[in-house]
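K.L.:
3D model of this:
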Amino acid sequence: MKRDRQSFQPSMKKNTSRIPGSLLAALDIGTTKIVCIIGRVSDDSNSLEIVGVGHQASAGIKSGAVIDIDAAEVAIRQTVQTAENMAASVMKSYPLRNVVLSVPGIHSKSQIDSIDIQIAGHEVTDNDIMRALAKAQDGVEKD
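P.N.:
You can find the predicted model right below:
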């Protein structure tokens, strides 16, 4: 069954601009179902054209908590693969890079930390960013 592509205008902040043609995915992991939607920014007003959708019943998740990581992983991968297959002509074998993830907040928590790295007065490079992210991840509170 071929689905028509749909467009909608997302409510994005004015300072949040997307490059026309870039892809954005939304992944919603719920207790009853998992949904992945892939959209392509269609113009300078940040409207999105839906180019891929995947959904299926959740597995390995109960009351918002992951109880079987392997089953949850399989269900998530299958859902994303379905959306990617539908969007294949637009994605042209490039991996998704921008994904908005929605998970139940009941078991989530956040923490704010500051980290410092030495850059020795040079321009910040991708390697500097990777070192900063690695240092930040080392400092994340483990449960």
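K.L.:
what's the burial count for R77?
P.N.:
Counted by other Cβ atoms under 10 Å, the residues lying close to R77 total 11. All C-beta spots, glycine's among them, are computed from the backbone N, C-alpha and C.
K.L.:
surely it forms part of a helix?
P.N.:
Yes: R77 sits within a helix when classified using DSSP: H, G, I helix; E, B strand; the rest coil.
K.L.:
shaky segments in this protein?
P.N.:
Where the chain drops to pLDDT under 70, the residues are 1-18, 44, 105-108, 141-143.
K.L.:
just the helices in it please.
P.N.:
Assigned by DSSP state H, the chain shows helices spanning 69-86, 88-91, 126-138.
K.L.:
return the most buried member of the ones you listed.
P.N.:
helix 69-86 (a mean of 16; mean count of other Cβ atoms under 10 Å).
K.L.:
so what's the residue nearest the centre of the chain up against?
P.N.:
Taking Cα atoms, centre = their mean, the centroid of the chain lies closest to V99, which sits 1.8 Å from it. Residues in contact with V99 (Cβ atoms under 8 Å, 6 or more residues apart in numbering) are L24, A25, A26, L27.
K.L.:
now D68
P.N.:
Counted by Cβ under 8 Å, 6+ apart, D68 has contacts A59, G60.
K.L.:
any idea how far I61 is from it?
P.N.:
8 Å (Cβ to Cβ, to the nearest Å).
K.L.:
okay, and the beta partners of the residue nearest to the centre of the chain?
P.N.:
Taking DSSP bridges as the rule, V99 bridges to A25.
K.L.:
state the distance from G30 to Q78.
P.N.:
As for G30, its distance to Q78 is 15 Å (criterion: Cβ to Cβ).
K.L.:
what does P104 give?
P.N.:
Plainly put, P104 is 20 Å away from Q78 if you go by Cβ to Cβ.
K.L.:
for the protein, which segments count as strands?
P.N.:
Assigned by DSSP state E, the chain shows strands spanning 6-8, 23-29, 33-41, 48-57, 61-62, 65-66, 99-102.
K.L.:
so which of those strands is the most packed in?
P.N.:
Mean neighbours per residue, mean count of other Cβ under 10 Å, is largest over these for strand 33-41, with a mean of 22.
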